[in-house]
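In: Got a predicted structure plus its sequence, pasted below:
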Protein chains: 2
Amino acid sequence: MATLQAIKYNDGSLEILDQLLLPESCTYISINNVQDAWSAIREMKVRGAPAIAIVGSLSLAVELRKLAAPETKKDLHSLVKEKLDYLVTSRPTAVNMQLAAEACVKLSNNLVDKASVDAAEAKDVIVKHLEAMLANDIADNLAIGEHGARDIAKKCGNKDKLRVLTHCNTGSLATAGYGTALGVIRSLHKANLVDQVYCTETRPYNQGSRLTAFELVYEKIPATLICDDMAAAAMKEFKIDAVIVGADRVAANGDTANKIGTYQLGVLAKSHNILFYVAAPFSSIDFQIPTGQSIPIEERPHSEMTHTGSIRTAAAGINCWNPGFDVTPAELITGGIVTEKGVFKSDQLVPV
Amino acid sequence: MATLQAIKYNDGSLEILDQLLLPESCTYISINNVQDAWSAIREMKVRGAPAIAIVGSLSLAVELRKLAAPETKKDLHSLVKEKLDYLVTSRPTAVNMQLAAEACVKLSNNLVDKASVDAAEAKDVIVKHLEAMLANDIADNLAIGEHGARDIAKKCGNKDKLRVLTHCNTGSLATAGYGTALGVIRSLHKANLVDQVYCTETRPYNQGSRLTAFELVYEKIPATLICDDMAAAAMKEFKIDAVIVGADRVAANGDTANKIGTYQLGVLAKSHNILFYVAAPFSSIDFQIPTGQSIPIEERPHSEMTHTGSIRTAAAGINCWNPGFDVTPAELITGGIVTEKGVFKSDQLVPV
């Protein structure tokens, strides 16, 4: 069965699955320009650090394809830079959009300097660069899945069947396809190594119960949903072998910012002697940031915690704290950081 | 301001606040007999181990008051025993209803043997015994609050202001009034010692966000709601001083069964060097049960996890694990077990 497609792109036409409507309805919406992408990212119709970067980049490709060739490469460059700067402001914690923006601005800058390329050609080069991100991301995810599955199987002493726990959504819905942490789980399942996947609800936005559970059911991977406060009880009761989570940004020392709740899973895994893995594209590692303390943490609206749809689930007048992410110290990442370039010990990251 | 009244009893008439309708609506429902009480407990219109025992016992008082005097004390005894045996089946984990039933059956048995008391008088004695539980519970809770607040203040080095975290609901809504863990917090607040209370949402039933948050707002205690996956991040970010939770049943060795999620708060508190307290009436300690391993853990319906009202929050077809409780090992209860008889080290419990 084909994995779920959250991003559909074809010849300048971009559609995304509106993840706010899952699991009730599978509805695709058109993204016709950068403004549409910014809003969709901000409202979390698309989420997951890699998917955000791809949808943002593709929305620029959509705009550029529709654009008459600019007068000069400098005009083109100003336009590209302005649009990308804007896209980076949609969600502050994930580094992928920022890195994608930097790479594209650098390319555009190089094209300005290249006398042999005219403005129309430069536009085409940039569009192709942006469009290539989709296929590249899927290829990277497949490699992450293979590296991760092999490492976990080995470190678990080549047991017949493994029990793994994951948090949030890091699957086809968070990436161009296949997934990072959930990609590792897909690869374990393909190798017939999964006894059971435990997936946390991931409050307040329920990415686990709505999205990860949806993908696991869709692909018939044996899975059980738990609430976030059941993680330690499940670790003890079911003798879980490994925890595998994604990353929004990894600092140079291995400290990892990911969905709120990841840090406590790291503490709980350590206290239960359970391997803890982070799976992410190598581009999620931000060597500019020395430690997790420097990673900005986005605070999100209180309504995410106080309401489910129109139903109020919290007492009126209560103050809330709703950080979108937390930082897991490198020493808790006992399994390693799984990337498309291989599995790294969390304290031995080097630019490759 | 008077604390919220979840149980209203007056001369054979019993009403309870329907907690399923909170925080949207404050609606009282009549409990006219033991069957009404059993259903209200089962459906969680009333919850919290002490409140369950009181509502169950008062529902029997309601029935007995309406009853014509039985022919013989043996008839009375059979009736009382049958009704109480039935009430104990409403929720299996909490010990309070069972202990209340045993005490009442013992009293009734003694009355059978007492030649000077006739059947009508015996009925009156039993009714008075059942009715006294309400006032006794409030007095016990006030004592728990005082003992706990004093111990926490002392062990925190008499700091000016404390930050405490609590889980589930253990307040006026879970008891006859005032509360156990939340009673301790009320006493800390009366002593002007509360900087901030962090209250967890407590999935899947949201007793924290619906009920505890409601009580905290109602009494103007400074408080912040967090999701269950934010506990470790909050402990680190806000330098929380103590975690205080209730208990459904405490084993002789101090292992404590309480709302699912308590165990992981114990692990997280220990790893952050935060005091961890259990507050409960002394009757919650079950000296018949040697360790937590022997405490039966109730599994609850999956719909609690997959739906909020009529809104589906989890993918269709996903399997769920929904234990109502977990067991926190005695060694994680670093502050102590707070009862109306004083604060006990968790590994030094003795029948008093």
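Out: In hand now; what should we look at? Residues are numbered from 1 along each chain as shown, chains lettered A, B, ... in the order given.
In: Where does pLDDT dip in chain A?
Out: Where chain A drops to pLDDT under 70, the residues are A:1-3, A:94.
In: Quick check: residues of the stretch 251-352 of chain A near chain B?
Out: Applying C-beta under 8 Å from any C-beta of the partner chain, one finds that the stretch 251-352 of chain A approaches chain B through A:260-261, A:263-264, A:267-268, A:270-271, A:305-306, A:308-309, A:311-323, A:326. Backbone N, C-alpha and C define where each C-beta goes, glycine included.
In: try 6 Å this time
Out: A:260-261, A:263-264, A:267-268, A:271, A:308-309, A:311, A:313-315, A:317-321, A:326 (C-beta under 6 Å from any C-beta of the partner chain).
In: who's in contact with stretch A:96-104?
Out: Residues outside stretch A:96-104 that contact it (C-beta atoms under 6 Å, 6 or more residues apart in numbering or on different chains): A:A49, A:P50, A:I52, A:A53, A:G56, A:S57, A:L84, A:V88, A:S283.
In: can I get these in CSV with secondary structure?
Out: Output for the contacts of stretch A:96-104, formatted as CSV (DSSP: H, G, I helix; E, B strand; the rest coil):
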residue, secondary structure
A:A49, helix
A:P50, helix
A:I52, helix
A:A53, helix
A:G56, helix
A:S57, helix
A:L84, helix
A:V88, helix
A:S283, helix
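In: Identify, from the residues you listed, the entry nearest to chain B.
Out: A:A49 (18.2 Å; C-beta to the nearest C-beta).
In: coming back round to it: which of the residues of the stretch 251-352 of chain A next to chain B are buried?
Out: With burial judged by 16 or more other C-beta atoms under 10 Å in any protein chain shown, the buried subset of those is A:260-261, A:263-264, A:267-268, A:271, A:308, A:313-315, A:318, A:320-321, A:326.
In: Which of the residues you listed fall within helices?
Out: When those are checked against helices (DSSP state H), the matches are A:Y263, A:Q264, A:V267, A:L268, A:S271.
In: wait, the fourth one sits on A:A234?
Out: No - the criterion here is C-beta atoms under 6 Å, and A:L268 misses it with A:A234 at 9.6 Å.
In: Of the contacts of stretch A:96-104, just say which sits nearest to A:Q293.
Out: A:A49 (19.4 Å; C-beta to C-beta).
In: how many other residues sit next to the closest one?
Out: 28 (other C-beta atoms under 10 Å in any protein chain shown).
In: How about the closest residue to chain B within the stretch 101-250 of chain A: what's its closest non-neighbour residue?
Out: Across the stretch 101-250 of chain A, the shortest distance to chain B (C-beta to the nearest C-beta) belongs to A:D229, at 2.8 Å. With C-beta to C-beta, 6 or more residues apart in numbering or on different chains as the criterion, A:D229 has its nearest non-adjacent residue at 2.8 Å, and that residue is B:G261.
In: I'd like to know how far that neighbour sits from A:N109.
Out: 52 Å (C-beta to C-beta, to the nearest Å).
In: cool, and A:G56?
Out: Counting by C-beta to C-beta - A:G56 and A:N109 are separated by 19 Å.
In: Between these two, point out the one with more neighbours.
Out: A:G56 (31 against 14).
In: Quick check, that one in contact with A:A37.
Out: Yes - counting by C-beta under 6 Å, A:G56 does reach A:A37; the two are 5.2 Å apart.
In: circling back: CSV please, covering the contacts of stretch A:96-104 and showing distance to A:E298.
Out: Below are the contacts of stretch A:96-104 laid out as CSV (distance: C-beta to C-beta, whole Å):
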residue, distance to A:E298
A:A49, 12
A:P50, 17
A:I52, 12
A:A53, 16
A:G56, 16
A:S57, 20
A:L84, 19
A:V88, 13
A:S283, 19
